[in-house]
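Asker: take this sequence and fold it.
(6 chains)
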Number of protein chains: 6
Amino acid sequence: MQIRVINPNTTRSMTDKIGEAARAGASPGTEIVATQPASGPVSIEGHFDEAVSALGVADEVLAGERAGTDAYVIACFGDPGLAAARELTRAPVVGIAEAAFHVATLITPRFSVVTTLGRTVGIAEDLLRRYGFAGHCRRVRAAEIPVLDLEDDGETALERIIAEGRRAREEDDIGALVLGCGGMSDLTAHLGREIGLPVVDGVAAAVKLCESLAALGLGTSKHGELAFPRPKTFTGEFQRYSDLGGTATTAG
Amino acid sequence: MQIRVINPNTTRSMTDKIGEAARAGASPGTEIVATQPASGPVSIEGHFDEAVSALGVADEVLAGERAGTDAYVIACFGDPGLAAARELTRAPVVGIAEAAFHVATLITPRFSVVTTLGRTVGIAEDLLRRYGFAGHCRRVRAAEIPVLDLEDDGETALERIIAEGRRAREEDDIGALVLGCGGMSDLTAHLGREIGLPVVDGVAAAVKLCESLAALGLGTSKHGELAFPRPKTFTGEFQRYSDLGGTATTAG
Amino acid sequence: MQIRVINPNTTRSMTDKIGEAARAGASPGTEIVATQPASGPVSIEGHFDEAVSALGVADEVLAGERAGTDAYVIACFGDPGLAAARELTRAPVVGIAEAAFHVATLITPRFSVVTTLGRTVGIAEDLLRRYGFAGHCRRVRAAEIPVLDLEDDGETALERIIAEGRRAREEDDIGALVLGCGGMSDLTAHLGREIGLPVVDGVAAAVKLCESLAALGLGTSKHGELAFPRPKTFTGEFQRYSDLGGTATTAG
Amino acid sequence: MQIRVINPNTTRSMTDKIGEAARAGASPGTEIVATQPASGPVSIEGHFDEAVSALGVADEVLAGERAGTDAYVIACFGDPGLAAARELTRAPVVGIAEAAFHVATLITPRFSVVTTLGRTVGIAEDLLRRYGFAGHCRRVRAAEIPVLDLEDDGETALERIIAEGRRAREEDDIGALVLGCGGMSDLTAHLGREIGLPVVDGVAAAVKLCESLAALGLGTSKHGELAFPRPKTFTGEFQRYSDLGGTATTAG
Amino acid sequence: MQIRVINPNTTRSMTDKIGEAARAGASPGTEIVATQPASGPVSIEGHFDEAVSALGVADEVLAGERAGTDAYVIACFGDPGLAAARELTRAPVVGIAEAAFHVATLITPRFSVVTTLGRTVGIAEDLLRRYGFAGHCRRVRAAEIPVLDLEDDGETALERIIAEGRRAREEDDIGALVLGCGGMSDLTAHLGREIGLPVVDGVAAAVKLCESLAALGLGTSKHGELAFPRPKTFTGEFQRYSDLGGTATTAG
Amino acid sequence: MQIRVINPNTTRSMTDKIGEAARAGASPGTEIVATQPASGPVSIEGHFDEAVSALGVADEVLAGERAGTDAYVIACFGDPGLAAARELTRAPVVGIAEAAFHVATLITPRFSVVTTLGRTVGIAEDLLRRYGFAGHCRRVRAAEIPVLDLEDDGETALERIIAEGRRAREEDDIGALVLGCGGMSDLTAHLGREIGLPVVDGVAAAVKLCESLAALGLGTSKHGELAFPRPKTFTGEFQRYSDLGGTATTAG
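Answerer: Numbers count the residues shown, from 1 in each chain, chains lettered A, B, ... in the order given. All right, here's what the predicted structure looks like:
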């Protein structure tokens, strides 16, 4: 099967890193196509960045549909554009935040999250509440690292993440730590050794959940809220979406 | 003061109608500028439509910022792009769903919502939960009217909304009915008479809340989650957002 | 329009201060009538004080009804007697705690409250839960000031409030601070400058919400829970309430 | 021990009935003093009635304190004035709604409530939420009986309650039924036979909980929220409460 | 009446201590039979220990049924096997954790728990959530004492519990402390004096609740979830449960 | 890898069926060992049946540990003994109820469950709450089929399940249906065709989640609540568990 792992930002090195993490977790028969939108922010650190990147995610899903993709991963911890992306396909679509939360609760009743900037803590907390995992997360902690520092100043970033992870271990009474950014996926093993707790990376987790759904013959339900978008006119620079109706009219 | 009332879809007649409802509720000193994005869907009936319209909303807020706008209303019941829009300005930004919920709970402990299509019921329920009003809403009901039927087949639409509103009154044990679409704002008075319950229209409600915040000297807090977007590069068709940094660096 | 701003305690200087705060926020066409009950506690610092003051609030609403009042504000942070007061009138009735919470969530997803005595923290937490705002409030903090110290020892009180507000800013990851006592309403601007966060005063907020409801043509819903009290006999010193039936029988 | 069972309304026949129910449940060594306030509504059917009766309840507790009472029951299903009453004494104070909920959850994970008028349904629902029992109550049902019909038209009232109880049994998937009015306490056994489910009467339940607390050496905690009222001046017709300070200053 | 107080572990000294605490709280007419399973763990400090002890509890209830027992107490703070035990009898069955929570909320809106080992904190938190008391518990604190240290090294254990109780008093803003282990029941009075807060012991509390239910004529509801087990075959070492059908077929 | 799929009841035909469903979903490299306890109930239809079967599950996990098992599935919808089983191993342990809920929420925001007997509805609802999925489940529906009818009277059972599934589709506004019993796993495909909704079978889902966790290098976290049981003496027929200490002392 082919999984399109979409890095919602437009930083190539991060896309590569995410692709690697995805491939490391993938089963033998799974092909990972790591992509990024043609347009969008170089990093995602707030609601506006997320809103713009949601369009890029949608475009990547539409491209995937034309290419016969079997499943999609949205590889940014805010799961930007997740519900919109799900409307566009019958295939499974999994965000890395939700994937990490699902997987973490299967190995421990309580985990903490280490994310990048403090301003995104509320975003993660909202996801926890929406998905239903709020009761299982002790704390969302910010290491106060801008996302691109993970690329440009990896040493310092890693140190801060380790330090915050250690505080989580000591103060939060948890069984696992969730990485709060797709750009941290290469640190999983190292971090696990340093802090002595299982560390959950959403990228690999999402790949496994996509494979699982595919194997179960399950994809995004086209009944109700996530049915294909109703065919309609889009004006201006979004005119390209007016053609979606073609697909959608034949859909469930 | 000047309030920019943004219809997130691109149907002119709906923008006009929304503008009228806004003006009817505005105080003497308030100028209503009713706008719609240059690009986007002609109606919003699901997550994908919302995701695209969020960009249009952002563009309208940025245009408003250049024009010295004092407050913004997002006039679609899913409050698309609300958090992103708030990041872009120090001015108040109010969505019509949240406005309607706030106002309804001030006049009754329990209300119901009548919205358009069944597929958007879950969207409204999620907003109720996120904002905190879930305990006050008895039921979100769909009249199963496509949004544009409110424009093109007003008679039938009105009948269905009245019928659904009557069922709400009889079955839900409520004190008020909330209109679940900006395109219904012209029906408020008529509907109230027909079903014999207070009817809350989010458009007028949002205008009043904007005026209230402005009078209180309060705008979107630039501390924490809703601070200005961090200045950064946007690539491709979203390159225009790379200039946001100019404003943002001097901010909060 | 005329808004009756009811200080539920019987300390004149506090009523005056609250009246001033109300007037400062009111629109040109709004007349503020600041009143206090003829009977009741000189300050409200617990459940018993609240229970007694609820009667005073009711009497003030009944007086207002005779005077043709358009809306009511209950200017004590526990919103004492709010539901009872709402039963007595078709006009809007707004408590300053709920007003502050509504307004705060429109400018930030998370706020903290600074209140007077520790024993009232639980009262505020209960209101947050009942209204639905618990998920938006990080913490209710007590400055440990008896209410009347705000009148008699303003300097010390202010210092403590500022100190607690600074701790809130540093520790709570919030976008705004809510003042937890009507008697603090004169400190709003000063406090905002000192702690560098938007400060929300419920008195002014409630005035604006009353004006908003009135402009929207909305008042307390007489359908269901907040209908006029059923006419009945009251005995003893509360015999005066036996006459309420006259109004109520003609009501919705 | 002596338990003062306070009927918060001023209808003597109801006080007598409640006293009987209390005595039927009391242990040999327990003396039941069934009282009613000197002043107040003849029945309690909404928030305003509750607010007034809360004062009567407080006066009865103060009278009890002078008489050396060991525990108090507030025998109206809205538990009016419960928190205020608790502030006034070191003795246990138990409301019949909370008592019924506590007892019901000890015999079944899910129950329903049959109350009098529809307008009080929301009041019961709020109590369920505040106390924490909302997840255990399937539904609050109104038999649409004015409270005094329980006195004056007992036959019809009983029929309606039985009918509603049967619907609860058939539709709600419950293990027990809670009586939602102190005035129904004489119907417990008959109702249980008719509908074939355990029926929980709050009056008897509250008596047993009072006896239990007393036997455990536990009374209302004077630490924190329920400490004695701070001594202060009350003006006007409530001047009598100014003397509370005497007791309170010596208190915990 | 006869109450069978079941210590779910197999340490005789703890059974004796629990029996004593139960007797101290019991009414004159109540006979306490303190028992322990023939088989099971010597202490209960986690989910596995609880799972095994649940069988012992069930056997003790079945033995009680043969002996004509009137009510059962499960005297381990995790309430192991509570729902299963309830299925086996029409008599009341009360766990000491739930009993302590019920009683604590009747004397204060907020309490903390002091339990033994940190690994059981999550178990207590889950119970609080399931029963509905989570909003009333500020914090579950572990004194980090293995259960049997309460028997073998009582001095040290007591010191740690007192220390943790003092921290609870200082930091948690509570009105009472709940003892989180049946083996602490002999420390109640001493602890209360040391930390200056009401201390709630679940063993005595459960005895009182059993007596209360019996006096009210209420037992475990046989309608719905807690009906007698359906009669069926059990194989192997659990064959003895195959005979349950005899009782159950005649049951409600 | 080897997954031990434990049918917690002792009906061989059901174990075989569950084994088949597990094998159908397993990846090429996965060996499924379908087992059942030596002792226990022939079906699980309530809390007592669950409590007994939890011991059988534990024994099967201990047997698996000796055999070098890589992961465990607990194939009964109440997830009996899940937390206890997790304490006994470093390997992943997944219950079929949780597995089904996790998978269902990845393909739709709202699902319903069809289970066997009405008395187990509350058990499923409790799991939904504990895991965090309550907000995503519209309704747990009972087809009122005793579990063994799935073996002995398959035709009738299937008809009832289809009928209930159709009602779920029509009334619940859902995107998927979850099968509420391991014994229904052979009906998945047929049921999906009949009711026209995605149907989620927990057995296959749990196998995929086990494979996923193993591939991610994640197993039950031994930090905190799910650490190995503390080594201790078990008496009587459970003496065999006294040897667990050997393993446990080297663990965590």
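Asker: where does the stretch 51-200 of chain A dip in pLDDT?
Answerer: Within the stretch 51-200 of chain A, no stretch falls below the threshold (pLDDT under 70).
Asker: residue boundaries of the strands in it?
Answerer: Under the criterion DSSP state E, counting those that start in this stretch, the stretch 51-200 of chain A contains strands at A:71-74, A:93-95, A:111-115, A:137-142, A:176-179, A:199-200.
Asker: need the ones you listed in TSV (columns: mean neighbour count and distance to C:M14).
Answerer: Where C-beta positions appear, they are placed from N, C-alpha and C, glycine not excepted. As requested, these are exported to TSV (neighbours: other C-beta atoms under 10 Å in any protein chain shown; distance: least, C-beta to C-beta, whole Å):
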stretch	mean neighbour count	distance to C:M14
strand A:71-74	29	54
strand A:93-95	31	52
strand A:111-115	27	45
strand A:137-142	20	40
strand A:176-179	27	49
strand A:199-200	26	54
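Asker: what's the longest helix along chain A packed up against?
Answerer: What stands out as the longest helix in chain A, according to DSSP state H, is helix A:47-66. Helices and strands touching helix A:47-66, by 3 or more C-beta pairs under 8 Å, 6 or more residues apart in numbering or on different chains; DSSP states H and E, are strand A:2-6, strand A:31-35, strand A:40-41, strand A:71-74, helix A:82-87, helix B:47-66, helix B:82-87.
Asker: near chain A, anything from the last one?
Answerer: This means helix B:82-87. Yes. Counting by C-beta under 8 Å from any C-beta of the partner chain, chain A is contacted by helix B:82-87 at B:A83, B:A84, B:R86, B:E87.
Asker: what does the stretch 51-200 of chain A put close to chain E?
Answerer: By the rule C-beta under 8 Å from any C-beta, the part of the stretch 51-200 of chain A lying against chain E is A:P109, A:R110, A:G135, A:D173.
Asker: with adjacent residues omitted, what lies nearest to the residue in chain A that chain D sits nearest to?
Answerer: Chain A approaches chain D most closely through A:G135 (13.3 Å), counting by C-beta to the nearest C-beta. Computed as C-beta to C-beta, 6 or more residues apart in numbering or on different chains, the closest residue to A:G135 that is not its neighbour in sequence is F:G132, at 5.6 Å.
Asker: from B:I161, how far off is the one you found?
Answerer: Distance from F:G132 to B:I161, counting by C-beta to C-beta, to the nearest Å: 36 Å.
Asker: more crowded one of these two?
Answerer: B:I161 (27 against 22; other C-beta atoms under 10 Å in any protein chain shown).
Asker: right, and that one touches B:H190 too?
Answerer: No. The pair B:I161 / B:H190 is not scored as a contact, 9.6 Å apart, by C-beta atoms under 8 Å.
Asker: and the contacts of stretch A:180-187?
Answerer: A:7, A:14, A:17-18, A:20-21, A:75-77, A:96-97, A:113-116, A:120, A:124, A:140, A:147, A:150-151, A:158, A:161, A:179, A:191, A:201-204 (C-beta atoms under 8 Å, 6 or more residues apart in numbering or on different chains).
Asker: what are the buried residues along it?
Answerer: A:G180, A:C181, A:G182, A:G183, A:M184, A:S185, A:D186, A:L187 (16 or more other C-beta atoms under 10 Å in any protein chain shown).
Asker: could you report the separation of the fourth one from A:T15?
Answerer: Read it as A:G183. 10 Å.
Asker: ok, now how distant is the residue of chain A closest to chain D from F:Y131?
Answerer: 9 Å.
Asker: ok so, going back, how much does the longest helix of chain A deviate in direction from strand A:31-35?
Answerer: Orientation check (axes from the mean of the first three to the mean of the last three C-alpha atoms, to 10 degrees): helix A:47-66 against strand A:31-35 gives 140 degrees.
Asker: in a helix, A:A206, correct?
Answerer: Yes. Assessed with DSSP: H, G, I helix; E, B strand; the rest coil, A:A206 lies in a helix.
Asker: surely it touches A:G95?
Answerer: Yes. Between A:A206 and A:G95 there is a contact at 6.9 Å, judged by C-beta under 8 Å.
Asker: show me the contact partners of stretch A:213-223.
Answerer: Contact partners of stretch A:213-223, identified using C-beta under 8 Å, 6+ apart, comprise A:1, A:70-71, A:86-87, A:89-94, A:226, A:228, A:251-252, F:25, F:27, F:103, F:106-108, F:169, F:174-176, F:197-198, F:200, F:204-205, F:208.
Asker: got the CA positions of that stretch in PDB?
Answerer: Output in PDB follows, covering the C-alpha atoms of stretch A:213-223 (Å, rounded to 0.1, in the frame of the first residue of the first chain):
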ATOM      1  CA  LEU A 213      -7.200   0.700   9.000                       C
ATOM      2  CA  ALA A 214      -6.300  -0.400   5.500                       C
ATOM      3  CA  ALA A 215      -5.800  -4.000   6.600                       C
ATOM      4  CA  LEU A 216      -9.200  -3.900   8.400                       C
ATOM      5  CA  GLY A 217     -10.800  -2.600   5.200                       C
ATOM      6  CA  LEU A 218     -11.800   0.600   6.900                       C
ATOM      7  CA  GLY A 219     -11.500   4.100   5.500                       C
ATOM      8  CA  THR A 220     -13.000   7.500   6.400                       C
ATOM      9  CA  SER A 221     -16.700   6.900   6.700                       C
ATOM     10  CA  LYS A 222     -18.600   8.700   4.100                       C
ATOM     11  CA  HIS A 223     -21.800   8.700   6.200                       C
END
